[in-house]
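>>> give the three-dimensional model of this entry:
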Amino acid sequence: EDVPSQTFDNKDYICGTETFPVYESIFTEEGETIRKIAVETEKPPQIEIHVWTIRKGILRHFYVEKVSKREFEELPYFKQITRTTPSQWKIFSEGEAQISQMCESRVCRTELEDLVKVLYLEKSEKGHC
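Numbers count the residues shown, from 1 in each chain. Sure, this is the predicted structure:
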């Protein structure tokens, strides 16, 4: 019988769970901060970019765009900040939807920061499977 093996072709695994890279880009223009969180997905192979426009701490605009890996490589300012698991990304996406509604009328700087922290894997996850 074929036993499924963990292949490590350009992928990282933590405790047998595949992880994928997360990128961030932050820039300020005309009093607004544009913060982008991007993740590379395998199926379909693309980059999902979550764009937040923040003015005076209030989330003014939020949307998601999807681009090909080639298009993403041509975008400036992105740097890899961590790797995350599909389950952590799901928590991030669901939290983002809630925050985007909550933060239309009030300052949500800490909520946005906490949401990004969800993507970072716990140190214990790396060492204790």
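>>> His61 is in contact with His50, isn't it?
No: look at His61 against His50 with Cβ atoms under 8 Å: they stay out of range, at 11.7 Å. C-beta here means a position set from N, CA and C on the backbone, and glycine is covered the same way.
>>> higher neighbour count, the two?
Neighbours were counted for His61 and for His50 using other Cβ atoms under 10 Å; His50 has more, 18 against 13.
>>> who are the packing partners of the helix or strand containing Ile81?
For Ile81, the element it lies in under DSSP states H and E is strand 79-84. On a contact count with 3 or more Cβ pairs under 8 Å, 6 or more residues apart in numbering; DSSP states H and E, strand 79-84 meets strand 17-29.
>>> give me the contact list for the strand it packs on.
11-13, 33-42, 75-87, 89, 116, 119, 121 (Cβ atoms under 8 Å, 6 or more residues apart in numbering).
>>> after it, next one along is what?
Counting by DSSP H and E, what follows strand 17-29 is strand 32-41.
>>> can you give me the helices for the chain?
Ranges of helices in the chain, per DSSP state H, are 69-73, 86-102, 109-117, 123-127.
>>> could you dump these to JSON lines with mean neighbour count and distance to Val22?
Output for the helices of the chain, formatted as JSON lines (neighbours: other Cβ atoms under 10 Å; distance: least, Cβ to Cβ, whole Å):
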{"stretch": "helix 69-73", "mean neighbour count": "12", "distance to Val22": "13"}
{"stretch": "helix 86-102", "mean neighbour count": "15", "distance to Val22": "8"}
{"stretch": "helix 109-117", "mean neighbour count": "14", "distance to Val22": "9"}
{"stretch": "helix 123-127", "mean neighbour count": "10", "distance to Val22": "15"}
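>>> I'd like those as a markdown table, with distance to Glu18 and mean pLDDT appended.
What follows is the helices of the chain, written out as a markdown table (distance: least, Cβ to Cβ, whole Å; pLDDT from 0 to 100):
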| stretch | distance to Glu18 | mean pLDDT |
| --- | --- | --- |
| helix 69-73 | 17 | 92 |
| helix 86-102 | 7 | 85 |
| helix 109-117 | 21 | 82 |
| helix 123-127 | 13 | 49 |
